[in-house]
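1. Structure for this input, please:
(2 chains)
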Number of protein chains: 2
Amino acid sequence: MGANSRHALPAEYQRGLYEAIFRRRDIRNFIADEVPDEVLARVIVAAHHAASVGFTQPWDFIVVRDTARRREVKRVFEAEREANAALFTGERLRQFLSLKLEGILEAPLNLIITCEPDRFGPAVLGKVSIREVEVYSTCLAVGNLWLAARAEGLGVGWVSIVRNDALREIFSIPPHVIPVAYLCVGYVAAFPDRPLLESAQWASRMPARTLLHFDSWDGRTEGDGHSLSDLVQSPEIWRDLLEDAPPLSDDRKIECADVPNRIAKPRSE
Amino acid sequence: MGANSRHALPAEYQRGLYEAIFRRRDIRNFIADEVPDEVLARVIVAAHHAASVGFTQPWDFIVVRDTARRREVKRVFEAEREANAALFTGERLRQFLSLKLEGILEAPLNLIITCEPDRFGPAVLGKVSIREVEVYSTCLAVGNLWLAARAEGLGVGWVSIVRNDALREIFSIPPHVIPVAYLCVGYVAAFPDRPLLESAQWASRMPARTLLHFDSWDGRTEGDGHSLSDLVQSPEIWRDLLEDAPPLSDDRKIECADVPNRIAKPRSE
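-> Numbering: from 1, shown residues only, chains lettered A, B, ... in the order given. Prediction:
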């Protein structure tokens, strides 16, 4: 560990974070077990410690267990799913219709994470030309919650096939508050190795190097002998992490997911 | 660990994730040390494994080292900061002007994370009434990168006091691509214990219980003897995690940040 990384977390902590990131899935199948309030509290506190523009903390959390309201959401989802289906034809449509895209009623609870812009008035540090900054912050809170849930063994599915006006009506959300994320939350029988839409061959993981630009959008090749484009696709970058993080005892060893393949299956194995 | 949490990550991995979440800071002060490409590669791969609507992976990464372009960004920042300052008066204005809000030129590199909506055409699974879903996904990528950076000992600061039209011009970003996050990235002399805007008394951390709603926006109290509102503010919820996660050997022990105060200072200590 170089002098410049003296603030790095220890290897097993680093690995914990990366494992949560690579094992997180968008979950649509839940088991009925209740989520203990203590676990729910931890993932909400994790969300509440996301970054926020001007430290505005613009989020709120609506914990939904009420079945009648969830049935209403499910009806909205069904109508929106039809609208979404209309965008596809042929084999793609057949595939779309075969996918389970939510667990609104099966999950033991739903959770809405909202954004209240200008919560403390219109003067916000960091909010000038880009009006959506508080929504961005709210997404960071969703991300924290999703990762914490994965670490806790809890599945989360984000249902984006809804209408915000309908959510506002069903949950009495004020007009100025934006329902950013409608989440289904609960334990799972399994966390799939790969994202659902990848295994269903709906889409493929893009090679990371194709997403890199250098100094400009049209700067597609690195100068100065840098090797970043190769490294983002190399298992080598995960080797130290594997060597430094002590192996887990057998009974706690977890099978590694396939992504990024590197934590799971280093070349040397 | 209950049967329903059999997919939970081991305690030291969980703790790694929570430590990264609670120790992450919005950084404005950097040291000059170069960021090794291997470290940069890992945090970009972490970002690339965020959730995305319809598995669209709508993000791109522009790695900026060029000083001339960064100077242009700095000029845009300065103008926008003036506009932002105009929102405040009196003591609040004095305070605003005293804050360092970016490290555009000091950081060894800047990183722009963009969002390309409809990258594979207008038919997107999960995109119907809510048009911003791909931007939400891009924010999740930013969040992953920010946490991975923290684990690597690398500071990240999000500069939102910019103009997207200016960023498009400076970096030749096509009109349909949204520059979601302009980040300064580099090693730091220290990760502050508390968020900058909290120590500067610009704003306070909101008590988590004030953010909770049950079944409806106006459902502010829990029924059924649930205790979530108490738990989100209790150090007790972190006790098991502290007891289950083996202590680190002394030379690798890291001083704990003050937030959420619970991982750092359980009541029993």
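2. Could you use CA atoms for every contact and neighbour count after this?
-> OK.
3. Any stretches of chain A with poor pLDDT?
-> For chain A, applying pLDDT under 70 flags the ranges A:1-4, A:223-226, A:244-269.
4. if we look at the longest strand anywhere in it, which residues are touching it?
-> Ranked by residue count and defined by DSSP state E, the top strand of chain A is strand A:178-187. The contact list for strand A:178-187 (C-alpha atoms under 8 Å, 6 or more residues apart in numbering or on different chains) reads A:28, A:30-35, A:102-104, A:107-116, A:135, A:138-139, A:142, A:153-160, A:164, A:167-168, B:4-5.
5. List the buried residues for the helix or strand following that strand?
-> Past strand A:178-187, further along toward the C-terminus, the next helix or strand under DSSP states H and E is helix A:196-199. Buried residues in helix A:196-199, defined by neighbour count with 16 or more other C-alpha atoms under 10 Å in any protein chain shown: A:196-197.
6. now stretch A:129-146
-> Residues A:129, A:133-146 are the ones in stretch A:129-146 that count as buried (16+ other C-alpha under 10 Å).
7. what residues are up against the spatially closest residue to residue A:14 that is not a sequence neighbour?
-> Taking C-alpha to C-alpha, 6 or more residues apart in numbering or on different chains, and ignoring the residues beside it in sequence, residue A:14 has residue B:151 as its nearest neighbour in space, at 5.4 Å. Neighbouring residues of residue B:151 by C-alpha under 8 Å, 6+ apart: A:8-9, A:13-14, A:17, B:20.
8. And residue A:95, how far from residue B:117?
-> As judged by C-alpha to C-alpha, to the nearest Å, residue A:95 and residue B:117 stand 22 Å apart.
9. Tell me which of the contacts of residue B:151 fall in strands.
-> Checked against DSSP E, the contacts of residue B:151 include nothing in strands.
10. Out of those, give me the two with the largest separation.
-> Taking C-alpha to C-alpha as the measure, the contacts of residue B:151 span a maximum distance of 12.3 Å, between A:8 and A:17.
11. follow-up on the earlier one: residue A:95 and residue B:117: who's more crowded?
-> When neighbours are counted by other C-alpha atoms under 10 Å in any protein chain shown, residue B:117 comes out ahead of the other of residue A:95 and residue B:117, with 21 against 15.
12. How about the secondary structure of the more buried one?
-> Secondary structure, DSSP: H, G, I helix; E, B strand; the rest coil: residue B:117 is coil.
13. so it touches residue B:174, yeah?
-> No: the pair residue B:117 and residue B:174 does not pass the contact test of C-alpha atoms under 8 Å, sitting 11.7 Å apart.
14. isn't residue A:35 right up against residue A:110?
-> No: using C-alpha under 8 Å, residue A:35 is not in contact with residue A:110; the gap is 11.0 Å.
15. which one of the contacts of residue B:151 sits closest to residue A:42?
-> Using C-alpha to C-alpha, residue B:20 is the member of these that lies nearest residue A:42, at 14.1 Å.
16. Please determine how far that closest one is located from residue B:136.
-> As defined by C-alpha to C-alpha, residue B:20 lies at a distance of 21 Å from residue B:136.
17. Now do the strands in chain A.
-> Applying DSSP E to chain A gives strands spanning A:59-64, A:109-115, A:154-158, A:178-187, A:212-214.
18. just checking, which of the ones you listed sits deepest inside the structure?
-> Per residue and on average, the most neighbours among the strands of chain A fall to strand A:154-158, with a mean of 27 (mean count of other C-alpha atoms under 10 Å in any protein chain shown).
19. Give me the contact list for that strand.
-> For strand A:154-158, the external contacting residues (C-alpha under 8 Å, 6+ apart) are A:25-28, A:30, A:102-103, A:146, A:149-150, A:181-188, A:191, B:5, B:7-8.
20. hmm, try it at 7 Å
-> Contacting residues not belonging to strand A:154-158 are listed as A:26-28, A:102, A:146, A:149, A:181-188 [C-alpha atoms under 7 Å, 6 or more residues apart in numbering or on different chains].
21. Quickly name whichever of those residues is closest to residue B:233.
-> The shortest approach to residue B:233 among the contacts of strand A:154-158 belongs to residue A:149, at 18.1 Å (C-alpha to C-alpha).
22. Reformat the strands of chain A as CSV; add distance to residue B:71.
-> CSV is the format used below for the strands of chain A (distance: least, C-alpha to C-alpha, whole Å):
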stretch, distance to residue B:71
strand A:59-64, 34
strand A:109-115, 33
strand A:154-158, 39
strand A:178-187, 35
strand A:212-214, 16
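23. wait, which of these is closest to residue B:42?
-> Each of the strands of chain A was checked against residue B:42 via C-alpha to C-alpha, and the shortest separation belongs to strand A:212-214, namely 13.3 Å.
24. any idea which of the contacts of residue B:151 is closest to residue B:209?
-> In terms of C-alpha to C-alpha, no member of the contacts of residue B:151 lies closer to residue B:209 than residue B:20, at 22.6 Å.
25. which one of the contacts of residue B:151 sits closest to residue A:242?
-> Sorting the contacts of residue B:151 by distance to residue A:242 puts residue A:14 at the head of the list, at 10.2 Å, by C-alpha to C-alpha.
26. Just the C-alpha atoms of stretch A:119-139, please, in CSV.
-> Extracted C-alpha coordinates of stretch A:119-139, given in CSV (Å, rounded to 0.1, in the frame of the first residue of the first chain):
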residue,chain,number,x,y,z
ARG,A,119,-36.6,21.9,1.3
PHE,A,120,-35.0,24.8,3.2
GLY,A,121,-35.9,27.5,0.7
PRO,A,122,-34.8,28.3,-2.8
ALA,A,123,-31.2,29.3,-1.9
VAL,A,124,-29.3,26.1,-2.1
LEU,A,125,-25.5,25.9,-2.1
GLY,A,126,-24.5,24.1,-5.3
LYS,A,127,-27.7,24.6,-7.1
VAL,A,128,-27.5,27.2,-9.9
SER,A,129,-27.8,26.2,-13.5
ILE,A,130,-28.4,22.5,-12.9
ARG,A,131,-31.9,22.3,-11.4
GLU,A,132,-31.9,18.5,-10.8
VAL,A,133,-29.1,18.4,-8.3
GLU,A,134,-31.3,17.4,-5.4
VAL,A,135,-32.8,14.5,-7.4
TYR,A,136,-29.2,13.4,-8.1
SER,A,137,-28.5,13.4,-4.4
THR,A,138,-31.7,11.3,-3.8
CYS,A,139,-30.4,8.7,-6.3
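27. Nearest spatial neighbour of the closest residue to chain B within the stretch 51-200 of chain A, chain-adjacent residues omitted?
-> When scored by C-alpha to the nearest C-alpha, the stretch 51-200 of chain A has residue A:153 as its residue closest to chain B, at 3.5 Å. Counting by C-alpha to C-alpha, 6+ apart, residue A:153 lies nearest to residue B:8, which is 3.5 Å off, once chain neighbours are set aside.
28. Identify the residues contacting the one you found.
-> For residue B:8, the contacting residues are A:150-153, taking C-alpha under 7 Å, 6+ apart as the criterion.
29. Around residue A:233, how many other residues sit close by?
-> Summarising burial for residue A:233: neighbours were counted as other C-alpha under 10 Å, giving 17.
30. OK, contacts around it?
-> A:208-209.
31. Over to residue A:111?
-> Applying C-alpha under 7 Å, 6+ apart as the definition, the contact partners of residue A:111 turn out to be A:61-64, A:182-184.
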